[in-house]
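**Q** sequence-free structure coming up:
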């Protein structure tokens, strides 16, 4: 059973997934820091010194200046400023992943385009070498470049 688990755990896809999760977690922290520590303070400054991390609506009586004050008083809060931060965080992560995947697909397509060395016989549809002039399966004569 231990041997089977070892084989399962060491398969390429599992190891790749583990590496992806670890790198993704670290990348998420970097993006969160970018949003919370750099982007949102600049946006807040441009919008009149607004601190998005402290935008909330108290769901009880009283006037609270911060989320922490409201929580210490036992009052629930709707933290829409933190929600805005998380939306911006998500958009940046999603866009970054989109760019990475787009580049990977671009490189993959170039490899696929270069490896066209087969064609199909137009008579029996068997895959044959691109330079073949006669099909080895049905023995039909093919003109150069003739394929389906």
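**A** Received the coordinates, thanks. Treat the numbers as computed from the prediction; the structure is a model and nothing was measured.
**Q** Could you list the low-pLDDT ranges of the protein?
**A** 9-12, 110-115, 144-148 (pLDDT under 70).
**Q** Can you name every helix or strand that the longest helix seen in it contacts?
**A** With secondary structure taken from DSSP state H, the chain has its longest helix at helix 80-114. The elements that helix 80-114 packs onto, with contact taken as 3 or more CB pairs under 8 Å, 6 or more residues apart in numbering; DSSP states H and E, are helix 12-33. C-beta coordinates here come from the backbone N, C-alpha and C atoms, glycine included.
**Q** what's the angle from the helix it packs on to helix 80-114?
**A** 140 degrees (axes from the mean of the first three to the mean of the last three CA atoms, to 10 degrees).
**Q** Can you give the contact residues for the helix or strand just after helix 12-33?
**A** Using DSSP states H and E, the next helix or strand after helix 12-33 towards the C-terminus is helix 40-46. With CB atoms under 8 Å, 6 or more residues apart in numbering as the contact definition, helix 40-46 has outside contacts at 50, 51, 52, 53, 85, 88.
**Q** Would you reformat those as JSON lines and include neighbour count and distance to residue 66?
**A** What follows is the contacts of helix 40-46, written out as JSON lines (neighbours: other CB atoms under 10 Å; distance: CB to CB, whole Å):
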{"residue": "50", "neighbour count": "14", "distance to residue 66": "14"}
{"residue": "51", "neighbour count": "12", "distance to residue 66": "9"}
{"residue": "52", "neighbour count": "21", "distance to residue 66": "13"}
{"residue": "53", "neighbour count": "16", "distance to residue 66": "10"}
{"residue": "85", "neighbour count": "20", "distance to residue 66": "15"}
{"residue": "88", "neighbour count": "19", "distance to residue 66": "21"}
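**Q** Just name the closest of those to residue 117, please.
**A** residue 88 (47.8 Å; CB to CB).
**Q** Give me the nearest residue to that closest one, chain neighbours excluded.
**A** Distances taken as CB to CB, 6 or more residues apart in numbering place residue 35 nearest to residue 88, at 5.2 Å, with adjacent residues excluded.
**Q** so who does that neighbour touch?
**A** Applying CB under 8 Å, 6+ apart to residue 35 gives the contacts 85, 88, 89, 92.
**Q** any chance of these in a markdown table, with distance to residue 71 too?
**A** Supplementary listing: the contacts of residue 35 in a markdown table, determined by distance: CB to CB, whole Å:
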| residue | distance to residue 71 |
| --- | --- |
| 85 | 18 |
| 88 | 23 |
| 89 | 22 |
| 92 | 28 |
